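[1] predicted model and sequence follow; I will ask about them next.
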Amino acid sequence: MTTRPDASLSNPDFPGEEFIQLFTQAQRPLYLSILSQLGRIQAAEEVLQETNLIIWAKSSQFETGTNFLAWARQIAHFEVMKWRQRKSREKLMFSDEFINTVAQQVSSTSEEFAMRQRALEDCLNKLSDQDRELIELRYQPGNSGKELAEALGRPANSVYQSLGRIRKALLECVQRKVAAEVTT
């Protein structure tokens, strides 16, 4: 068994594990944010690579405990603007105002999604073991309500009613949590 050397001990400029984890988790939302601003896959991939190099180079400037994705998106936004300046000779380009509006919308939408996702996770954890298991089984790929009823030896109508009750409880719980988080 080989052990991984601790790169952070041998290189003080190497980001810590928390930074690497945040960096990795941010890749997809960061790419989607860039893509929404540029509208071209190849351009978004190019700008993401440039953005990643800058994020890595500036890793020591990131303040632990702050919003990594917001910080990374700000860097990406500047890289999008630089890319647009370089490509301004092309025929069709969105205005800076449009790009800024899209970037703000993507940022607020993803923050809202993250808030709802956290609320859903909390609400799922509050379900009884039986209800949580039923929901998890139902939403596994390839499972239908009818197949689930057969596997559980319950009438399909009973399973559908239980799923409806659980979904309603989850929806109400998520709405309460999101409303509470928005007001704080």
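    Looks like it arrived, so ask away.

[2] just give me the longest helix of the chain.
    helix 96-126 (DSSP state H).

[3] list the buried residues of that one.
    Ile99, Val102, Ala103, Val106, Ser107, Ser110, Ala119, Leu120, Cys123, Leu124 (16 or more other C-beta atoms under 10 Å). No exception for glycine: its C-beta is placed from N, CA and C like everyone else's.

[4] tell me the helix or strand right after it.
    Next helix or strand after helix 96-126 toward the C-terminus (DSSP states H and E): helix 129-138.

[5] what is that following helix packed up against?
    Judged by 3 or more C-beta pairs under 8 Å, 6 or more residues apart in numbering; DSSP states H and E, helix 129-138 is in contact with helix 96-126, helix 145-152, helix 156-183.

[6] could I have the second one exported to PDB, CA atoms only?
    Read it as helix 145-152. The C-alpha coordinates for helix 145-152 follow below in PDB (Å, rounded to 0.1, in the frame of the first residue of the first chain):
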ATOM      1  CA  GLY A 145     -44.700   3.100  -7.900                       C
ATOM      2  CA  LYS A 146     -46.400  -0.100  -9.200                       C
ATOM      3  CA  GLU A 147     -43.100  -2.100  -9.000                       C
ATOM      4  CA  LEU A 148     -42.500  -0.700  -5.500                       C
ATOM      5  CA  ALA A 149     -46.000  -1.800  -4.400                       C
ATOM      6  CA  GLU A 150     -45.400  -5.300  -5.700                       C
ATOM      7  CA  ALA A 151     -42.000  -5.500  -4.000                       C
ATOM      8  CA  LEU A 152     -43.500  -4.400  -0.700                       C
END
